[in-house]
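*Asks:* Sharing a sequence plus its predicted fold:
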Amino acid sequence: AVGQAFGVRKACLDSLGVAATMLSAMGAGRSRINGRLAPPRCRIGVGLGMVLAGTLGKLQPRFHVFGRGVREAEEMEQSGMPGAVHVSPAFVAALASSSRASPTPFPHFHSRPASPGDAPPSPPSTVGGP
């Protein structure tokens with residue numbers, strides 16, 4: 001169980017690390033509007049759940065990923081604010097349950113319900129950070 005929890009925590013932190021790198025890269029490519037740097041318009045969603053992946057097609061084979069984890073990530077991204085990474089409640093729960101230490105070293109990640117009907121409206125809660 002300890003090894004499994006470490007594996008879950010490492011996978012979650014690795015996912016957040018990739019998301020942070022994506023935000024950083026988007027920030028580096030910002031354009032100037034009226035002499036000021038425009039904020040990044042990138043929205044990133046991270047979900048957790050079972051997926052099925054494989055290559056589909058004969059003429060132009062393409063790799064596809066389907067499942068609950070993908071739907072959660074899509075919902076987080078689509079309803080998220082630009083310039084931030086939004087993680088699903090299931091992702092936060094898995095990360096929190098896999099360690100007694102502070103949840104993450106990343107200050108700009110937000111968790112909120114996967115869809116507006118899941119819970120009453122509330123401001124996003126920051127995962128980790130100060």
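*Replies:* Looks like it came in fine. Numbers count the residues shown, from 1 in each chain.

*Asks:* Could you use CA atoms for every contact and neighbour count after this?
*Replies:* OK.

*Asks:* Check which helices and strands the longest helix seen in the chain is in contact with.
*Replies:* Looking across the chain with DSSP state H, the single longest helix is helix 2-28. Identification of packing neighbours for helix 2-28 by 3 or more C-alpha pairs under 8 Å, 6 or more residues apart in numbering; DSSP states H and E yields strand 84-87, helix 89-97.

*Asks:* which one of these is the most hemmed in?
*Replies:* For the helices and strands packed on helix 2-28, average neighbour numbers computed from mean count of other C-alpha atoms under 10 Å are highest in strand 84-87, which has a mean of 26.

*Asks:* Pull out the CA atoms of that strand and give them to me as CSV.
*Replies:* Provided in CSV are the C-alpha atoms of strand 84-87 (Å, rounded to 0.1, in the frame of the first residue of the first chain):
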residue,chain,number,x,y,z
ALA,A,84,-4.3,28.4,-14.8
VAL,A,85,-4.3,24.6,-14.4
HIS,A,86,-7.6,23.1,-13.1
VAL,A,87,-7.6,19.7,-11.4
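
*Asks:* tell me the pLDDT at Phe63?
*Replies:* In this prediction, Phe63 carries a pLDDT score of 95.

*Asks:* So it lies in a strand, does it not?
*Replies:* Yes: with DSSP: H, G, I helix; E, B strand; the rest coil as the criterion, Phe63 is part of a strand.

*Asks:* List the residues that contact the residue nearest to it when sequence neighbours are not counted.
*Replies:* Using C-alpha to C-alpha, 6 or more residues apart in numbering and skipping residues adjacent in sequence, the residue nearest Phe63 is Thr55, 4.3 Å away. Counting by C-alpha atoms under 8 Å, 6 or more residues apart in numbering, Thr55 touches 61-64.

*Asks:* make it 10 Å
*Replies:* 61-65 (C-alpha atoms under 10 Å, 6 or more residues apart in numbering).

*Asks:* so which of the helices and strands packed on helix 2-28 comes closest to Leu48?
*Replies:* Leu48 sits nearest to helix 89-97 of all the helices and strands packed on helix 2-28, at 5.2 Å, using C-alpha to C-alpha.
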